[in-house]
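1. Below is the sequence, then the predicted model.
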Amino acid sequence: MIDTLIICLLIMSLIGLITVFQEYIVVKDVVKQFFSLTALFFGFFLVKNIICHTSLQSLKGFFFSIVLVNTLASVLYILDQGLHITLYKVAEDAYQQEIFQGEVITRVFWFMPVLWFFSIAYLIVFREGKLLLSLGMLVINFLAIFVSYTRSFLGIALLLILLYGILNSLKKGSMSVLVKNVSVITVTGVILFFAVSRLLPNKLNYFEDRIVNLKEDPTDENSNTLLIRFNRTNEIFHRMGDEKRFTGTGPVTEIQYHGAEDINDTTADMVWTGVVFRWGYIGLAFFILLYLISAFKAFNMFLKNTGILSQFGLLLFLVVLSQMMESFTSWTFLNPGHFALGLWYFAVLSALTGFSNEYTLEFEKTSHG
């Protein structure tokens, strides 16, 4: 079913390309834009094919290497963004600067690690035999999220850990495990909070101030709340016109559609803006189904299997869930620099579903034999 939805979106992209050629006389850069967008779907099948020829243990090791790289990137991000030790050469306007309680607070996203939620999910699901290492890497990723001062990111990270504790306990069917997991999470959270309050008091106060401002005035443009994001998205939908809302504008550029470049800025705050702009409400429905069906399949894999396959199911369930939540505050799979790997977690899940079916069939044969 996941593959079918990807194929449907690819077909919609082809129809969009044909429509653009029919409607516009000047079609410069349209084909280039088409291949950029469809890299999402071609990349999906490429990643799936690779995973299908990879053992589960090798995949686990590969994922751990990705987490190591993301953790190293988090260390560098903490040094530059949190401690103001300049490591990267970027344009001065890339940094958002603000004076808070006598300290310069900067916010920059150009070199921000992109796999925080995957790393956190991996470190809490696969931690056997390396508890201290996993805990240390987990703290580093959390601290990096903290110095990004992104409210939604911190909330998603905390929710992933809480969900892991609950779901893992429910599968084991032990209330004592649930109490233990929740207690460990709570105590660890309290310790980290007090450590940050002592080491980085001004930064913690700044983060708290951003949360307070969110409650006091959700319409403040500077706060960039979910309400503001929806208002901006609604303006773009209104500008598109009724005839384009259902099928989208296709692979148009600024040359064919005035204001197409502005879509990137709005999509960077909420991916669904770009989805409706390119594929319309029909495409939006396909993407929503993709997330819902994938979440169900990953959760089902977690419940119905044991060992490493069950762990992969829980990992992917947490990743899909995190991306569903992040999609309202970021451009996730429509980040122009990551099109080819934008849907990688769906590809991994689609491949592992085949592993799951084979494992279940073999288990049933062994049981009946």
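-> In hand now; what should we look at? Numbering: from 1, shown residues only.

2. Name the next helix or strand downstream of the helix or strand harbouring R239, please.
-> Assigned by DSSP states H and E, R239 belongs to helix 226-240. Sequence-wise, the next helix or strand downstream of helix 226-240 (DSSP H and E) is helix 242-245.

3. Could you tell me which residues within that following helix count as buried?
-> Neighbour-count burial for helix 242-245 flags K244, R245 (criterion: 16 or more other Cβ atoms under 10 Å). In short, each C-beta sits where N, CA and C put it, glycine included.

4. who's in contact with that helix?
-> F237, V276, G280, Y281 (Cβ atoms under 8 Å, 6 or more residues apart in numbering).

5. Looking at the residues you listed, spot the one nearest V319.
-> Nearest to V319 among the contacts of helix 242-245: V276, at 23.8 Å, using Cβ to Cβ.

6. Report how many residues lie close to the closest one.
-> Look at V276: counted by other Cβ atoms under 10 Å, it has 25 neighbours.

7. before we move on, back to that, against which helices or strands is the helix holding R239 packed?
-> On a contact count with 3 or more Cβ pairs under 8 Å, 6 or more residues apart in numbering; DSSP states H and E, helix 226-240 meets helix 260-267, helix 271-304.

8. Just put those in TSV and tack on distance to S74 and mean pLDDT.
-> Below are these laid out as TSV (distance: least, Cβ to Cβ, whole Å; pLDDT from 0 to 100):
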stretch	distance to S74	mean pLDDT
helix 260-267	25	81
helix 271-304	23	94
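
9. Comparing the ones you listed, which comes out most buried?
-> Across these, averaging neighbours per residue (mean count of other Cβ atoms under 10 Å) puts helix 271-304 on top, at a mean of 20.

10. now the angle between helix 260-267 and that helix, please.
-> 40 degrees (axes from the mean of the first three to the mean of the last three Cα atoms, to 10 degrees).

11. how about CSV for the helices and strands packed on helix 226-240, with distance to G102 added?
-> Output for the helices and strands packed on helix 226-240, formatted as CSV (distance: least, Cβ to Cβ, whole Å):
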stretch, distance to G102
helix 260-267, 32
helix 271-304, 37
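
12. can you tell which of the ones you listed is closest to L5?
-> helix 271-304 (4.8 Å).

13. all strands for the protein, in order.
-> 96-100, 103-107 (DSSP state E).

14. how close does the spatially most central residue of the chain sit to V182?
-> The centre of the chain sits closest to Q323, judged by Cα atoms, centre = their mean, with a distance of 3.5 Å. To V182, Q323 is 25 Å away according to Cβ to Cβ, to the nearest Å.

15. Residue ranges of each domain in this structure, please.
-> Domains of the chain are assigned by automatic domain parsing as 1-53+240-369, 68-216.

16. tell me the most buried of those domains?
-> domain 1-53+240-369 (a mean of 18).

17. For I15, give its distance to R278.
-> For I15 relative to R278 (Cβ to Cβ), the value is 12 Å.

18. which residues do the two both contact?
-> In terms of Cβ under 8 Å, 6+ apart, I15 and R278 are both contacted by the residues G250.

19. hang on, the earlier thing: turn the domains of the chain into a markdown table, columns for distance to L227.
-> Formatted as a markdown table, the domains of the chain follow (distance: least, Cβ to Cβ, whole Å):
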| stretch | distance to L227 |
| --- | --- |
| domain 1-53+240-369 | 11 |
| domain 68-216 | 10 |
